[in-house]
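J.: would you be able to build a 3D model of this:
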Amino acid sequence: MRLCDGIMAFPSLILVLGLVGILGPGLSQVVFALILVQWAYYARMFRGMVLSLKEQNFIAAAKVSGSSQWKIIRKHIIPNVLPPLAVMGTLEMGWYHHGYISNVFSWTRSPASDTRVGRNDS
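T.: As a prediction, the model looks like this:
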């Protein structure tokens, strides 16, 4: 969690811009930079939900009934953790599209991608 705290201590946009500057221009580099920066938020949310689920009565009942740790994880933890993470990811897709990708990708375009290059305006 210390690595997550270190990543979350810096503004995400600055880290993404720095990584795109290192990786080079292009949409795939922007997406890769977003993944490298944003995984910490998902890891922190996942950990928090698992820690709160661990204290629930149905987990204690599953332990008392003799279920193994893997069965508890597979049958109780994962089904209760994945839907909120999916909602978080879905909501952030629109935010990334309008916030990061439109700004960062517009800054990384090469001059050859401009439609005015090579046009004869006479």
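
J.: ok, now which ones touch the closest residue to residue 7 other than its chain neighbours?
T.: Using C-beta to C-beta, 6 or more residues apart in numbering and skipping residues adjacent in sequence, the residue nearest residue 7 is residue 40, 4.2 Å away. Where you see a C-beta, it was placed from the backbone N, CA and C, and this is true even at glycine. By C-beta atoms under 8 Å, 6 or more residues apart in numbering, the residues touching residue 40 are 3, 4, 7, 8.

J.: which one (most neighbours) among the residues you listed?
T.: In terms of neighbours by other C-beta atoms under 10 Å, the contacts of residue 40 top out with residue 7 at 18 neighbours.

J.: before we move on, which element is the residue nearest to residue 7 in?
T.: Using DSSP states H and E, residue 40 sits in helix 27-54.

J.: show the subsequent helix or strand relative to that helix.
T.: helix 57-64.

J.: that next one packs against which elements?
T.: helix 69-72 (3 or more C-beta pairs under 8 Å, 6 or more residues apart in numbering; DSSP states H and E).
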